[in-house]
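In: okay, here's the prediction I keep looking at, along with the sequence it came from:
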Amino acid sequence: MKFEYQQLISQNQSIDELELQSFEMSIYLLKLRIGNEQGMLYNGNELMRFNSTQQVREAFADIDVLQAVMVHDSPYDEMIGNPAKSGASLKLPFSLQQPL
């Protein structure tokens, strides 16, 4: 499923889960779940990419998000020549509230 950012804004639709996927600590992509549908967030025909967590907070300031998490999968083991780990990625709660 493909979610279009402008449609989410115009329809004022509630998001059940927003999963912020962190790559190299400066590239963020979003996976959304609305009802039984799940998919990535797009801006037109391209994946919507964010360069900071603050950009994500600003983009979703006016959208109702029930749960938000950040997922980070570290390539450290592979970088040092170890086999890729088979365990799950690190998944942490993520606040969409603006920091004070």
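Out: Here it is on my side, so go on.

In: could you say which helix or strand holds residue 55?
Out: Assignment of secondary structure by DSSP states H and E places residue 55 within helix 53-59.

In: which of the helices and strands in the chain ranks last by mean pLDDT?
Out: Taking all helices and strands of the chain together, the one with the lowest average confidence (mean pLDDT, DSSP states H and E) is helix 76-79, at a mean of 53.

In: correct me, but residue 15 touches residue 31?
Out: No: because the distance of 10.7 Å does not satisfy Cβ atoms under 8 Å, residue 15 is recorded as not touching residue 31. C-beta here means a position set from N, CA and C on the backbone, and glycine is covered the same way.

In: more neighbours: which of these two?
Out: Comparing residue 15 with residue 31 by other Cβ atoms under 10 Å, the one with more neighbours is residue 15, at 21 against 17.

In: show me what the more buried one bridges to in the sheet.
Out: The partner list for residue 15 in beta bridges (DSSP bridges) reads residue 65.
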